[in-house]
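1. below: sequence and its predicted model.
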Amino acid sequence: MKEIFYQLRFKILFLIVLEMVLFFGLIFYFLVQKIDKINDEQMKSYGDSLVRNLAEVFSENLFLKDYSVLQTEVNFFGENNPAIDKISIHSEGLADIEYFSGRLSEKSADGLLFSYPIIHYEKSAQKIINLGTVEIRLSPNEYQTILNKEKVRFFYLALFLIFIFSFVLYFLIRRSLFSPVLTMAKGMRIIASGDLNHRLEIKNKDELGFLAREINKMTDALRESQQIIENKNRSIRKAEESLLKNVSDLEIAKTKLEEERNKTFSILANLIDPVIVINENGELMLFNPATVKFFNFSTKDIGRKIIKEGNQKNIMSSFSLDALKKFFKYPFNFELKKEGEKNLNVVEELTIDFSKSENKNNNTEEQAIFKIITSPVTDVNGKILGYMKIFYDLTREKSVDRMKSEFISIAAHQLRGPLTGIKWSLFSVINGEIEKIGENLRGYLSRAYDVNEKIIRLVDELLDVSRIEEGRFIQSLAEVSVWDIIKEAVFSVSALAEKKKIEIKFKKPKNEFKIKADLEKINLVFQNLLENAIKYSFERSQIFIEIMERRESAEDFVQISVADSGIGIKKEEQPKIFSKFFRAKNARRLHTEGSGLGLFIVKNIVESHRGKIWFESDENKGATFFIQLPIIKK
């Protein structure tokens, strides 16, 4: 395996080096071509730079008229720069100081000629003195020789970079390719040896990582298959052991079965809530001691038919509390909470009034409330053997709920009076009824007024929740126009929509729909839905309102939908959206303020008008709320 990888490494290294040679070779070729093209420009630039430097060097000795030193400097620079053929210094009243290289005679005219004035700055007189001119003649052949040497240097530099980049690229490829492959090969050998719990720890997000994850999945599947086979083998061994048991084992099993049965009856007998079981023929089969507290049952009634003959096929009529009324000790009322269809559970709520009974015994409470679940008892094949009625004592829970509602009502009433007083005091100050008030103070008071409005709105919502739970939220019903309600709701939120530049689109339906409703409460429904649509929509978006007629179960309904294109509602949070005090996470991030009571109140208002409300939504794709209300027949 290692020899294969070594061969692969050297092949890849060879390809990398070859590719880098070709790449840098092309770059070198084009650079050389470019260098040849700009050769003349570089020659001129080099000459101009050189003649300026010589003018600065020669200016001091020329000003001091130290001509012997000046001649020495000229010869020095000429001899040490092979590109220079001639240097000449021209100054008034002075014979030319010149240098000629050995490559040409004094009268030769080959090469490029450059000149530059020699000047000296006199600090004491603060003036510039023109001392003369320096001229140089450069040899194109010598400059080209220097340039060729630079090309050779560049070639070796490029060759060095080729090898550096090749080895860096090779080690990078080795790290990202060969190491994971070797790790994978080692892991596969471990798995092949029988260790199916081994995992290939390769974190790459490329094809190798994908292959490793697929191998891990395959290993998991093999391990699961192995476990299934082992379980089946154990089951077979157990079956064989069971077949080898003798009659004494059967007796032991029978004894244990009796013990388990007695345990079951003991558990049932110690339950503090009543449990009643009847068979498929309507005969009383079982009840626990707690049942005797409420029913006139005794052990003599076991096997007694307590269900009418004609109702045995209908669980609702045959085993409802109404059918067992004659066996009950106390006056009671019950309410059906969930109807049973086929083999589904039936849920009832029982309220017992001890105060009206002659058999009060030692009951300290005047009332008891139970949640009763009636469910079918079936065998392993799903055949119904009978029905079981289980009582759950809700007296304490209902009492707590009632006390909570009373607390909310009392707290809301206690808060509303003082807050209303604060509101009107602030209102008087803000509207100038109290004179000589500064603008800064007016701003603070205005903010206080807004906060007070929010508190009052929260109190109103708490009061609405309290009235809903007490069943006295809807006050008066009257015939109202759906179109008028929608117009009023749109008008009430128009300022909020204009602030976010949101357009509300709706069209008057052809038919006039009228419903029987509490106008104040039904207005609250659509105002709340529109406010939510605006608050949780993006700026410059649109809200659509649609009104249409629906017919369901031989009854006509008007359906109103409010659709936005805002933040939407997550799938996992949708079942809670109509719950009391619930707000979705994305809604809390966008608007931190809010009580979470709006949609709870809206749902209860709609259902109080014999209507229904639902919605459709995807996160970041908006939400559409639908409301159906019964239409008044013409």
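-> It's in. Quick caveat: nothing in here was measured; it's all calculated off a predicted structure.

2. when you work out contacts or count neighbours from here on, use the C-alpha atoms and nothing else.
-> Will do.

3. mind checking what secondary structure residue 171 has?
-> Secondary structure, DSSP: H, G, I helix; E, B strand; the rest coil: residue 171 is helix.

4. count the residues that sit near it.
-> Residue 171 sits with 15 neighbouring residues when counted by other Cα atoms under 10 Å.

5. and for residue 283?
-> 18.

6. any idea how far it is from residue 513?
-> Look at residue 283 and residue 513: by Cα to Cα, to the nearest Å, they are 54 Å apart.

7. before we move on, what about residue 61?
-> Using Cα to Cα, residue 61 is found at 112 Å from residue 513.

8. list the helices and strands whichever strand or helix holds residue 114 packs on?
-> When secondary structure is defined by DSSP states H and E, residue 114 falls within strand 112-122. Judged by 3 or more Cα pairs under 8 Å, 6 or more residues apart in numbering; DSSP states H and E, strand 112-122 is in contact with helix 39-64, strand 127-138.

9. buried residues, the longest one. List them.
-> By neighbour count on 16 or more other Cα atoms under 10 Å, the buried set for helix 39-64 is 39, 43, 47-48, 50-52, 54-55, 58-60, 62-63.

10. with just CA atoms, put the following helix or strand past it into PDB.
-> For helix 39-64, the succeeding helix or strand toward the C-terminus, using DSSP H and E, is helix 67-80. C-alpha atoms of helix 67-80 as PDB (Å, rounded to 0.1, in the frame of the first residue of the first chain):
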ATOM      1  CA  TYR A  67      40.700  70.300 -11.800                       C
ATOM      2  CA  SER A  68      43.200  67.500 -11.100                       C
ATOM      3  CA  VAL A  69      40.800  65.900  -8.600                       C
ATOM      4  CA  LEU A  70      38.000  66.500 -11.000                       C
ATOM      5  CA  GLN A  71      39.900  64.700 -13.700                       C
ATOM      6  CA  THR A  72      40.500  61.800 -11.300                       C
ATOM      7  CA  GLU A  73      36.800  61.500 -10.500                       C
ATOM      8  CA  VAL A  74      35.900  61.600 -14.200                       C
ATOM      9  CA  ASN A  75      38.300  58.700 -14.900                       C
ATOM     10  CA  PHE A  76      37.100  56.800 -11.900                       C
ATOM     11  CA  PHE A  77      33.400  56.900 -12.900                       C
ATOM     12  CA  GLY A  78      34.300  56.100 -16.500                       C
ATOM     13  CA  GLU A  79      36.400  53.100 -15.700                       C
ATOM     14  CA  ASN A  80      34.000  51.600 -13.200                       C
END
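
11. run through who's touching helix 67-80.
-> For helix 67-80, the surrounding residues in contact (Cα atoms under 8 Å, 6 or more residues apart in numbering) are 58, 61, 62, 84, 85, 86, 87, 97, 98, 99, 100, 101.

12. what of stretch 491-511?
-> 483, 490, 527, 530-531, 534, 538-548.

13. mind checking how far that stretch is from the chain centre?
-> From the chain centre to the centre of stretch 491-511 is a distance of 30 Å (Cα atoms, centre = their mean, to the nearest Å).

14. so what's the residue count around residue 277?
-> Neighbour count of residue 277, defined by other Cα under 10 Å: 22.

15. the closest residue to it other than its chain neighbours sits in which helix or strand?
-> Leaving aside its sequence neighbours, residue 277 sits nearest to residue 388 (Cα to Cα, 6 or more residues apart in numbering; 4.4 Å). Remark: residue 388 resides in strand 384-393, with elements defined by DSSP H and E.

16. now for that strand, which elements pack on it?
-> Using 3+ Cα pairs under 8 Å, 6+ apart: strand 384-393 touches strand 275-279, strand 367-378.

17. average pLDDT across that strand?
-> For strand 384-393, mean pLDDT is 82.

18. the inter-axis angle of it versus strand 275-279?
-> 170 degrees (axes from the mean of the first three to the mean of the last three Cα atoms, to 10 degrees).

19. who's in contact with strand 384-393?
-> Applying Cα under 8 Å, 6+ apart, the contact partners of strand 384-393 are 273-282, 319, 368-379.

20. from the residues you listed, list the buried ones, please.
-> Buried members of the contacts of strand 384-393, scored by 16+ other Cα under 10 Å, are 273-282, 319, 368-377.

21. burial count for residue 530?
-> Residue 530: 27 neighbours (other Cα under 10 Å).

22. can you list the weak-confidence ranges in the stretch 451-600 of the chain?
-> Low-confidence segments of the stretch 451-600 of the chain (pLDDT under 70): 451-452, 454-455, 458, 461-462, 465-475, 592-594.

23. actually, the stretch 301-450 of the chain.
-> For the stretch 301-450 of the chain, the stretches with pLDDT under 70 are 308-318, 337-344, 355-365, 400, 402-419, 421-422, 425-426, 428-430, 432-450.

24. which residue ranges of it form strands?
-> Ranges of strands in the stretch 301-450 of the chain, per DSSP state E, counting those that start in this stretch, are 332-338, 346-353, 367-378, 384-393.

25. redo the ones you listed as TSV? Include distance to residue 262.
-> Shown next, in TSV, are the strands of the stretch 301-450 of the chain (distance: least, Cα to Cα, whole Å):
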stretch	distance to residue 262
strand 332-338	34
strand 346-353	29
strand 367-378	19
strand 384-393	19
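
26. of those, which approaches residue 564 most closely?
-> Smallest distance to residue 564 across these (Cα to Cα): 34.3 Å, for strand 332-338.

27. please tell me how far the residue nearest to residue 391 when sequence neighbours are not counted sits from residue 507.
-> Leaving out its chain neighbours, the residue that sits closest to residue 391 by Cα to Cα, 6+ apart is residue 372, at 4.6 Å. Here the criterion is Cα to Cα. By it, residue 372 lies 49 Å from residue 507.

28. what do you get for residue 261?
-> Between residue 261 and residue 507 the computed distance is 70 Å (Cα to Cα).

29. and for residue 162?
-> Residue 162 is 73 Å from residue 507, where distance means Cα to Cα.

30. name the residue in the two with the higher neighbour count.
-> More crowded of residue 162 and residue 507, by other Cα under 10 Å: residue 162, with 21 against 10.

31. is it fair to say that one lies in a strand?
-> No - under three-state DSSP, residue 162 falls outside any strand and is assigned helix.

32. make 38 the first number, not 1, from now on.
-> With 38 as the first residue, the last one maps to residue 199.

33. which ones are touching residue 121?
-> 115, 138, 173, 174, 175, 176.
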